[in-house]
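S.K.: Let me see the structure of the following:
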Amino acid sequence: MPGRRRRRARAGRPAFDAATLRREPGARRARAHRAERARRAGEADVEDGTVRTLFLLLVLGNVAFFAWSRYIAPLEASADPLPLERQIEPEKLKVIAPSDLPPVSARPASPPVVAPLALKCLEWGSFTLADAPRAEKALEPLALGARLAQRRTEEAAGWWVFIAPQGSRPAALKKAAELKALSIDDYFIVQEDGPYRWALSLGVFRTEDAAQARLAALRGQGVRSAQVASREAIVPKVWLQVKGVDGALHARLRDAARAIEGSELRECVQ
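M.R.: Modelled structure (predicted):
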């Protein structure tokens, strides 16, 4: 325009106004590119939010399952381990009312409690001083050890088995040798003054039956000169006591007692 100086464009800046730039194809492409990036960024944000939500739900589900399996499931299993339809013949289950129960007297009694056999003390005797070693030898297989003890008494003996006086000590020793040859060791040579000096005693008994049983046993071993006679005398006797006897040991003691005629197995006298 005449009379007005024309404005010069700044260096490095196109001499186009904004409206012109907007009309250019490159400007439209830039705007479309920015819009596309904004849209994609929004979609990415939505996807990130969805992933976080799914992750949180998965974590919460695992926590809930752990709590159920750890605390709730065992209680349900212990309360009713199998459903009713899986139980064995559930149709046979019957609820009994208290009135249907049998009276107490009609119920089967509980089996009695058997108390263990108490250990006890038994004694075997009575034996003369001459017979006691024979009885002790009969108990050796039982290996009683400290459980075996002696109790000595004095008893009135009414009967005895003996061989008549031999007249002298040498004659009595000769007769004793004959007894040993017959495997008879339980004898005693009477050395006290009196009518029976140098006789051989083969047992002293309280009853005649016991003495006769001893005589029969001796005759079975080959002794022919022994006899039974009454004898009122006080003689020392020995009882063999066994402590801590159970059922098995009691049976073995009975067997040993049968081997010596006239002996008795009984509970210990305190």
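S.K.: ok, Ala172 - how many residues close by?
M.R.: 21 (other C-beta atoms under 10 Å). Glycine gets a C-beta too; all of them are placed from N, C-alpha and C.
S.K.: correct me, but it touches Trp198?
M.R.: Yes. Applying C-beta atoms under 8 Å as the test, Ala172 and Trp198 come out as touching, 4.4 Å apart.
S.K.: Find residues that contact each of those two.
M.R.: 165-166, 189 (C-beta atoms under 8 Å, 6 or more residues apart in numbering).
S.K.: List just the nearest of the residues you listed to Val269.
M.R.: Ile189 (30.4 Å; C-beta to C-beta).
S.K.: Without its sequence neighbours, what residue ends up closest to that closest one?
M.R.: Counting by C-beta to C-beta, 6 or more residues apart in numbering, Ile189 lies nearest to Ala172, which is 5.0 Å off, once chain neighbours are set aside.
S.K.: where does the residue lying closest to Gly167 once chain neighbours are set aside land on pLDDT?
M.R.: Once flanking residues are discounted, Gly167 sits nearest to Trp198: 6.1 Å by C-beta to C-beta, 6+ apart. We have a pLDDT of 95 for Trp198.
S.K.: which ones are touching Val190?
M.R.: So Val190 contacts 162, 165, 196-201 (C-beta under 8 Å, 6+ apart).
S.K.: where do the helices sit along the chain?
M.R.: 18-22, 25-67, 73-79, 132-138, 169-181, 208-220, 247-258 (DSSP state H).
S.K.: I'd like these laid out as a markdown table, including mean pLDDT and distance to Val235.
M.R.: A markdown table is the format used below for the helices of the chain (pLDDT from 0 to 100; distance: least, C-beta to C-beta, whole Å):
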| stretch | mean pLDDT | distance to Val235 |
| --- | --- | --- |
| helix 18-22 | 50 | 153 |
| helix 25-67 | 72 | 92 |
| helix 73-79 | 56 | 79 |
| helix 132-138 | 90 | 12 |
| helix 169-181 | 95 | 19 |
| helix 208-220 | 91 | 13 |
| helix 247-258 | 91 | 20 |
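S.K.: Among those, which comes closest to Trp124?
M.R.: Of the helices of the chain, nearest to Trp124 by C-beta to C-beta is helix 247-258, at 5.7 Å.
S.K.: Show which residues not belonging to that closest one make contact with it.
M.R.: 117, 122, 124, 135, 138-139, 142, 242, 245, 263-265.
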